[in-house]
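Trainee: Got a predicted structure plus its sequence, pasted below:
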Amino acid sequence: MKKHSVFYISILLTILFIVWGGFFTGHFTRITTEAFDFMIDYLGWVYVATTFFLVLFSVYLLFSKYGHIRLGKADAEPDFRTASWLAMLFGAGMGVGIVYWGVAEPVTHYTEPPYGEPYTPAAALLAMTYSFFHWGLQPWGIYTVISLVLAYFQFNKGLPATVSSAFYPLLNDRIHGPIGKTIDILSVFATVFGIATSLGLGAMQITAGLHALFDVPNILYVQLIVIGTATVLFIISITTGLEKGIQYLSNAAIILSVLIMLMVLMLGPTTAVFNIFFTTLGNYLGEFVEMSLGLNPFGENDWLGTWTLFYWAWWIAWSPFVGMFIARISRGRTIREFVIGVLFVPTFGTCAWFAVFGGSALHMIENLDQPEMAREITADVSLSIFRFFEHFPASPVLSALGFAVVSIYYITVADTSTFVLGMLSERGRLNPSTAIQITWGVIQSATAAVLLLSGGLNVLQTASLVAAFPFAILLMLMCWALLKGLNSELPRGKK
């Protein structure tokens, strides 16, 4: 394959799928839905086993003899301050997702729990526990492993910043041939459609925010305007580079997120939130193994497939993009520092967010007898956080801050994804050209717009989850490759 084959083949495949999903939506829906249903029904255990193993593997690395190994040269200094590093990796890994689901998911589980009676204290605790579970150690364990593997082979072995480089101990120089290029093309393909889906969903939430704040019509054409405006903004950010644009946006998003979380904590049921956080955290950790491996083999699996397995596939589908970005910004960190920063710190922060937002909502519904609040929140997920804010005395301020956070995260995700796509398209170049990044940015936005117009956005989301299955297998192989590479770092007597 030629030098730019990854770029050109990826664009060709992207266009073909845009045409298929955008103009032959019915056929696309049938094929992708059948494929996803098959994987959930017959191969769900692969997702469950993979995500659980990756968490265990990450913890093993933390306490292992490899923990002192530094990503890069022995005297390498981190490229970014720890606060900025954490802000950027959190924005890439979760970003707008926790704003979108922070209130909606706990309330949805409360009204429709996987088992037991809805609208009860037991359902509230179960709802919070599953929210911690879905957004906690498993997704960050996936990101920890893939980003660590990619960072290690980039900075310690001098290989290109591509997903295929992670397989060097297994494939050797074949990573530069057709096999390696195929892996990179699949990575680009998964990233484009995973991000396009998120951009479409993000545009829907921003439009909902405009409707809540300024009574702007919550219609399709406004969503398209949002996508167009955001495209211009993140293209401007692209031209400023990683050290300015993405870093500044990520820092701003985290500062605003903490501010809005503190306001809700102080204005809401403060004591109850602390009680909910510690009780749910204890319940989550106490039932972690059972929840991680539970597949309900003697009952219905509809809820499990709709939520847990859907999430595991979604996080895996996102892993090439998130892993590439976290790897790029992590030079100079030791493996022990890396695992703490990528696995445990974001998990704690995410759980705190759900406790403040979801916990406050459930407390208000349950203790203040406001069942209509639950109906308001679940009626339209894109409006959930704004409906929640309406029950606070500083509602206009909270809504404005929430809108700002969603918008910044939206631009940050688009910005980081184009950066990663540029790296993959240019054979692992750590600072890809602005032209390539802008090209991918326009393609991603166009994909989201076409699929919103055709009604194929949710179908594309299903398709990206189908693409996650081969990455589940690749993630397991990466663990083997990493151990082989790390062993080469140790003195002979310590191997």
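Mentor: Structure's in. What do you need?
Trainee: Model confidence for Ser291, exactly?
Mentor: Rather than Ser, residue 291 is Met. Listed pLDDT for Met291 reads 96.
Trainee: Count the residues that sit near it.
Mentor: 19 (other C-beta atoms under 10 Å). (Glycine included, C-beta is placed from N, CA and C.)
Trainee: And the one 4 residues further on, by the same measure?
Mentor: Taking other C-beta under 10 Å as the neighbour definition, Leu295 ends up with a count of 16.
Trainee: quick check, it in a helix?
Mentor: No - when DSSP: H, G, I helix; E, B strand; the rest coil is applied, Leu295 is found to be coil, with no helix at that position.
Trainee: Tell me who's in contact with it.
Mentor: When contacts are counted by C-beta atoms under 8 Å, 6 or more residues apart in numbering, Leu295 touches Gly44, Trp45, Val48, Asn301, Leu304.
Trainee: Leaving out chain neighbours, which residue sits closest to the last one?
Mentor: When the adjacent residues along the chain are set aside, Leu304 lies closest to Asn296, with 5.8 Å between them (C-beta to C-beta, 6 or more residues apart in numbering).
Trainee: May I have the phi/psi pair for Gly158?
Mentor: Backbone torsions of Gly158, given as degrees, to the nearest 10, read phi 70, psi 30.
Trainee: what pLDDT does it get?
Mentor: Looking at Gly158, its pLDDT is 92.
Trainee: Check Ile246 too.
Mentor: So, for Ile246, pLDDT stands at 79.
Trainee: on that earlier part again, which of the contacts of Leu295 has the largest number of neighbours?
Mentor: That'd be Val48 among these, by other C-beta under 10 Å, with 20 neighbours.
Trainee: Now do the same for His27: helix, strand or coil?
Mentor: Counting by three-state DSSP, the backbone at His27 sits in helix.
Trainee: in the chain, which segments are predicted with low confidence?
Mentor: Residues of the chain meeting the criterion pLDDT under 70: 1-4, 241-243, 298-300, 369, 455-461, 490-495.
Trainee: For the residue nearest to Leu304, grab the count of nearby residues.
Mentor: When neighbours are defined as other C-beta under 10 Å, Asn296 has 13 of them.
Trainee: quick one on the thing from earlier: among the contacts of Leu295, which lie within helices?
Mentor: Gly44, Trp45, Val48, Leu304 (DSSP state H).
Trainee: Reformat the residues you listed into TSV and put distance to Leu256 next to each item.
Mentor: What follows is the ones in helices among the contacts of Leu295, written out as TSV (distance: C-beta to C-beta, whole Å):
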residue	distance to Leu256
Gly44	37
Trp45	40
Val48	35
Leu304	35
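Trainee: what's the closest of the residues you listed to Arg81?
Mentor: Nearest to Arg81 among the ones in helices among the contacts of Leu295: Val48, at 37.0 Å, using C-beta to C-beta.
Trainee: correct me, but the closest one touches Leu309?
Mentor: Yes - taking contacts as C-beta atoms under 8 Å, Val48 lies within contact range of Leu309: 7.4 Å.
Trainee: Find the residue closest to Thr279 in space, skipping its chain neighbours.
Mentor: Of all residues not flanking Thr279 in the chain, Leu125 sits nearest, at 7.0 Å (C-beta to C-beta, 6+ apart).
Trainee: okay, now that neighbour: neighbour count?
Mentor: Applying other C-beta under 10 Å, we find 18 residues neighbouring Leu125.
Trainee: tell me the SS of it?
Mentor: Secondary structure for Leu125, judged by three-state DSSP, is helix.
Trainee: ok, now which ones touch it?
Mentor: Residues in contact with Leu125, defined by C-beta under 8 Å, 6+ apart, are Thr279, Thr280, Asn283.
Trainee: What of Thr162?
Mentor: Contacts for Thr162 were tallied using C-beta under 8 Å, 6+ apart; they are Ile175, Gly180, Ile183, Asp184, Ser187, Met423, Leu424, Arg427, Gly428.
Trainee: where's it relative to Ser84, distance?
Mentor: 25 Å (C-beta to C-beta, to the nearest Å).
Trainee: got it, and Thr270?
Mentor: For Thr270 relative to Ser84 (C-beta to C-beta), the value is 30 Å.
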